[in-house]
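Visitor: A predicted structure for the sequence below; I have some questions about it.
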Amino acid sequence: KYGRRRPAVVSYVCGLEVVQKPSSSNVQSLAQARPGYRADERLSALRFIDEPFTMENGLLTQTYKIKRNQVAAKYADLITAMYS
């Protein structure tokens, strides 16, 4: 099984400056170009989140690492819908 024992790989992308014109095909192409990419890592769902992850909203640590548990809790409904 994949991430957190789910049946497929999904991803959520925070407002990154790198993503000029966000589209799932652009992100899928970037993922496939990554060294070590495996076919079983193909994204089956993708959602873009407008709100940036910051320390102020509790989604980043002081060392700018993503607080994955807080992100998962905040966006639980969105993540669940991506598997539907």
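Guide: Happy to help now that I have it.
Visitor: just the helices in the protein please.
Guide: 24-33, 68-74, 76-82 (DSSP state H).
Visitor: As TSV, those helices with mean pLDDT, distance to Ala45 and mean neighbour count would be great.
Guide: Glycine gets a C-beta too; all of them are placed from N, C-alpha and C. Formatted as TSV, those follow (pLDDT from 0 to 100; distance: least, CB to CB, whole Å; neighbours: other CB atoms under 10 Å):
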stretch	mean pLDDT	distance to Ala45	mean neighbour count
helix 24-33	79	8	12
helix 68-74	92	15	13
helix 76-82	90	4	13
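Visitor: nearest to Thr54, of those?
Guide: Go through the helices of the chain one by one with CB to CB and the one that ends up closest to Thr54 is helix 68-74, at 11.5 Å.
Visitor: Not counting sequence-adjacent ones, nearest residue to the residue lying farthest from the centre of the chain?
Guide: Relative to the C-alpha centroid of the chain, counting by CA atoms, centre = their mean, Gln62 is the outermost residue, at 20.3 Å. With CB to CB, 6 or more residues apart in numbering as the measure, Met55 is the residue that lies nearest to Gln62, at 6.5 Å, once sequence neighbours are left out.
Visitor: any idea how far Phe48 is from that neighbour?
Guide: From Met55 across to Phe48, the span is 21 Å (CB to CB, to the nearest Å).
Visitor: Between those two, which has more neighbouring residues?
Guide: Neighbour totals were compared for Met55 and Phe48, and Phe48 leads with 15 against 12 (other CB atoms under 10 Å).
Visitor: Distance to Asp40 for the helices of the chain - can I get that in JSON lines?
Guide: Compiled in JSON lines, those are given as follows (distance: least, CB to CB, whole Å):
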{"stretch": "helix 24-33", "distance to Asp40": "12"}
{"stretch": "helix 68-74", "distance to Asp40": "21"}
{"stretch": "helix 76-82", "distance to Asp40": "17"}
